[in-house]
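Chemist: Below is the structure, and that's it, no one-letter string:
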DNA sequence: CTATGATTCAAACGAACGTATGAATCATAG
DNA sequence: CTATGATTCATACGTTCGTTTGAATCATAG
């Protein structure tokens, strides 16, 4: 067989790059940092991946290909069980965001580290990686969009797309989480250990996402009239 | 008077840096790009600001000092008018996030460009700028946290902090908006012009945020029991 | 054992980076 | 008009960047 030494090297590079890209960003991480911490030669990245950009793409591909399949599998199962009936919004949200967060519990699939890298990258201005993600996983987004359209037939499609977008943002921050949260508060929220925090994050986030997804529709007028509706709904 | 030529130079550098930091990130933007596009000498940044890091801090300080005052002023007015009674959550959310989005309509205060830079920076791993923001504006966050605690006395404080955090994330994505949204959908949401989109964004976001903020509390158990509650509440 | 292709290695490349320097140029006060 | 301090300028410094090269080393097939 070919590739005996190389598999270890490739994986070690990917693991290290994933960690450093998360900690310092793409531009802020140098090839020398990666290869040094991975204990491989400087030229190894270019040999195995071709370039720094291709390495970044592979870091994402390794995790997201699996995640996308899991998300679609979860959605397929639910739709098969529901038959003709539309899914509940909570099912769709769980298939998408729940599958993502449950991925964080599996250290072999990148754990929290990769999720935080993902969340940060979505807002980061790295043109090439955003273009890569957009083209490679657009079909997953489309499937979930369509599912939400069917589940919420009375809500304008534009509104659903926007709220899906808002949910992505909330989730991104939820994942980046512990660090950014210190910006909001210096007060110790919970002394619980990491496992516990992760267990509690999913229910917390799901409640928030579903509340936002099913909120009364905006009226596109003065804030006062919106306030009236909100007060009435409460 | 001193500083006649320098005021123009300073402002031109800040404007250009703001735009380029938004487009390519902090690490991805070079001093030579900034000074070249601002039509000033390469040494001008170090002369006027001392270093690239200090320039970045000034880019934020110039906008956020004003924004923080506006936010606190809005909150002060509402609390004065409410007397002893707690504010409505929608008022607090509008004072914080509404003030932010209305800032985007004022091109003299940075417009959408700065807001997108801000949103991206919150998830970006630039240690020094995150630390700067955390220390300089922590008192604003604390004021709004306390206001939410009073407005929602039955909701655990930890839950409020988390939901405030989720709201920040949703807003960050809402602002980054138009670009990232193409990742969610290639389909043309609205052909409306920029002004119109901005007008509609605030009501859309406010509905979502308030829906999330007032969602039923999570129970930290199985997803099934959460689904039951969600169905009952709908 | 030997040949072959895959992988690793040390070293170097040119380019771009942030910063520093000292002279030139400007605006203004006396 | 002249002196002074603020600002601009061209240029260079030392460092680090991503990438390339060609030889050395390895694992395996014949």
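Modeler: Alright, I've got the coordinates. It should be emphasised that the depicted structure is a prediction, and the values quoted were computed from it without experimental measurement.

Chemist: how about the helix or strand encompassing residue A:100: buried residues?
Modeler: With secondary structure defined by DSSP states H and E, residue A:100 is part of helix A:99-103. Within helix A:99-103, the residues that qualify as buried by neighbour count (16 or more other Cβ atoms under 10 Å in any protein chain shown) are A:99, A:100, A:101, A:103. C-betas here are computed from N, CA, C, even on glycine.

Chemist: Over to stretch A:46-60?
Modeler: A:48, A:49, A:52, A:54, A:55, A:56, A:57, A:58, A:59, A:60.

Chemist: same thing with stretch A:152-161?
Modeler: Within stretch A:152-161, judged by 16+ other Cβ under 10 Å, the buried ones are A:152, A:155, A:157, A:159, A:160, A:161.

Chemist: Please apply the same query to stretch A:35-44.
Modeler: Going by neighbour count (16+ other Cβ under 10 Å), the buried part of stretch A:35-44 is A:35, A:37, A:38, A:40, A:44.

Chemist: quick check, nearest of those residues to DNA strand D?
Modeler: When the buried residues of stretch A:35-44 are compared for distance to DNA strand D (Cβ to the nearest atom of the strand), residue A:35 comes out closest, at 7.9 Å.

Chemist: Who are the packing partners of the helix holding residue A:100?
Modeler: Secondary structure elements in contact with helix A:99-103, counted by 3 or more Cβ pairs under 8 Å, 6 or more residues apart in numbering or on different chains; DSSP states H and E, are helix A:52-82, helix A:111-123, helix A:157-176, helix A:194-213.

Chemist: Any part of the next helix-or-strand element following the shortest one near DNA strand D?
Modeler: When you say that, I think you mean helix A:111-123. Moving toward the C-terminus from helix A:111-123, the first helix or strand encountered (DSSP H and E) is helix A:127-136. No. No part of helix A:127-136 sits near DNA strand D under the criterion Cβ under 7 Å from any atom of the strand; the closest distance found is 11.0 Å.

Chemist: Quick one: list the elements packing against helix A:127-136.
Modeler: In terms of contact count using 3+ Cβ pairs under 8 Å, 6+ apart, helix A:127-136 is assigned the packing partners helix A:52-82, helix A:111-123, helix B:178-184.

Chemist: what mean pLDDT would you report for the helix or strand following that helix?
Modeler: Using DSSP H and E, the helix or strand that follows helix A:127-136 in sequence is helix A:138-151. Rounded to a whole number, the mean pLDDT of helix A:138-151 is 96.

Chemist: list the buried ones in helix A:138-151?
Modeler: Going by neighbour count (16+ other Cβ under 10 Å), the buried part of helix A:138-151 is A:140, A:141, A:143, A:144, A:145, A:147, A:148, A:151.

Chemist: Need these in CSV (columns: distance to chain B).
Modeler: Conversion of the buried residues of helix A:138-151 to CSV gives the following (distance: Cβ to the nearest Cβ, whole Å):
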residue, distance to chain B
A:140, 10
A:141, 5
A:143, 12
A:144, 9
A:145, 6
A:147, 13
A:148, 11
A:151, 12
